[in-house]
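Participant: Coordinates only, no sequence provided:
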């Protein structure tokens with residue numbers, strides 16, 4: 001009997017099951033009708049035992065990684081030497097100006113600001129740059145702060161400040177890791193051991209840097225001891241210059257390269273870069289329901305394709321097991337067509353052209369170039 005079958009068996013033993021089981025043990029010459037003394041005596045016990053059966057089913061499911069959830073899954077992760085990834089904090093870059101539009105120099109680390117809106121986002125200044133712009137961190141963890149760019153208001157009083165504005169999200173945040181994502185990590189077939197600066201070791205380093213969403217590792221890309229890390233932020237987009245610099249400082253600081261001051265082993269020279277964006281323009285002709293709104297259908301198709309490209313970026317950092325090492329990813333026209341056809345109101349569509357050509361696109365991954373697929377222009381003609 002499998003754990004699944006056992007859990008289902010426990011669940012099937014409900015109140016009616018246990019009441020019938022108990023009643024079957026009572027002699028037939030005793031009144032067992034509902035409302036009788038014996039019925040009223042054993043019915044509560046049947047209810048308690050049924051509740052215990054549900055508890056036993058839950059215990060069986062929470063015992064195994066395949067079916068455990070919540071804190072039970074967290075315990076299984078700890079047994080395997082890892083933890084659920086926590087939610088992180090959005091990091092942004094902001095400018096602070098006086099009434100003449102000039103940068104001011106009296107914003108201090110620890111000063112607080114808030115976004116504009118019904119539900120403001122609060123930020124704390126963590127660093128002041130040489131150009132008098134500031135680095136701020138959202139005070140609440142999670143991705144809800146990733147989209148805000150614009151004016152912010154001072155919470156900490158500042159007489160010189162006339163205008164403050166977030167100009168860049170330097171490190172988007174991520175939400176707490178879901179059960180499904182954690183479970184997939186725990187059940188991954190990747191059995192590499194992180195040790196001594198191997199590929200698995202660098203992947204482990206990146207996984208512990210909250211601002212990094214994914215990464216590719218290119219060992220000996222410029223000879224022995226050289227390692228190139230290509231990284232994405234938590235929105236699975238190319239890392240900003242600020243994030244690249246921060247990761248470089250944590251793994252192999254510029255002023256102490258190869259000395260083992262950071263996370264990298266001694267004698268490893270680490271380069272941290274963002275991937276090259278490859279915009280994929282899509283063109284096709286549709287046949288749609290005449291009763292449907294054509295513009296709404298086009299909007300929904302674009303949303304569907306944006307989600308598809310995000311899924312592609314989720315797989316961008318996965319080592320291709322068939323290659324032994326290295327990365328491989330192809331943009332298939334057939335899969336794009338399938339996503340278009342899943343859109344409500346679309347009856348038919350031609351196999352799309354990608355960047356003006358009738359062919360799939362093989363992304364380039366080598367020591368010089370690492371491409372990241374980004375959805376470009378979507379041309380949809382209604383035939």
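Facilitator: Here it is on my side, so go on. Owing to the predicted nature of the structure, the values given are computational and were not obtained by experimental measurement.
Participant: for the stretch 1-150 of the chain, which spans come out with low pLDDT?
Facilitator: Along the stretch 1-150 of the chain, no part satisfies pLDDT under 70.
Participant: Quick one: the helices in it, in order.
Facilitator: 3-12, 15-24, 37-63, 70-79 (DSSP state H, counting those that start in this stretch).
Participant: Next, the buried residues of the second one.
Facilitator: Going back to what we said before, that points to helix 15-24. 18-19, 22 (16 or more other C-beta atoms under 10 Å). For glycine as for every other residue, the C-beta is placed from the backbone atoms N, C-alpha and C.
Participant: quick check: angle from that helix to helix 37-63?
Facilitator: 130 degrees (axes from the mean of the first three to the mean of the last three C-alpha atoms, to 10 degrees).
Participant: Just read off the phi/psi values of the residue nearest to residue 53 when sequence neighbours are not counted.
Facilitator: Among residues not flanking residue 53 along the chain, residue 13 sits closest, at 4.3 Å (C-beta to C-beta, 6 or more residues apart in numbering). Dihedral pair for residue 13: phi -90, psi 80, per degrees, to the nearest 10.
Participant: cool, and residue 219?
Facilitator: Taking degrees, to the nearest 10 as the convention, residue 219 sits at phi -80, psi 160.
Participant: Am I right that it is in contact with residue 196?
Facilitator: No - using C-beta atoms under 8 Å as the test, residue 219 is too far from residue 196 to be in contact (12.0 Å).
Participant: between the two, who's got more neighbours?
Facilitator: Comparing residue 219 with residue 196 by neighbour count (other C-beta atoms under 10 Å), the higher total belongs to residue 219, at 16 against 9.
Participant: Quick check: beta-bridge partners of the more buried one?
Facilitator: When assigned by DSSP bridges, residue 219 has beta-bridge partners residue 227.
Participant: Provide a list of residues in contact with residue 349.
Facilitator: 284-287, 337, 340-341 (C-beta atoms under 8 Å, 6 or more residues apart in numbering).
Participant: Could you rerun that using 10 Å?
Facilitator: Neighbour list for residue 349: 284-288, 301, 336-338, 340-341, 343, 380, 383 [criterion: C-beta atoms under 10 Å, 6 or more residues apart in numbering].
Participant: Any chance of the helices of the stretch 1-150 of the chain in TSV with distance to residue 247 as columns?
Facilitator: Formatted as TSV, the helices of the stretch 1-150 of the chain follow (distance: least, C-beta to C-beta, whole Å):
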stretch	distance to residue 247
helix 3-12	41
helix 15-24	57
helix 37-63	37
helix 70-79	24
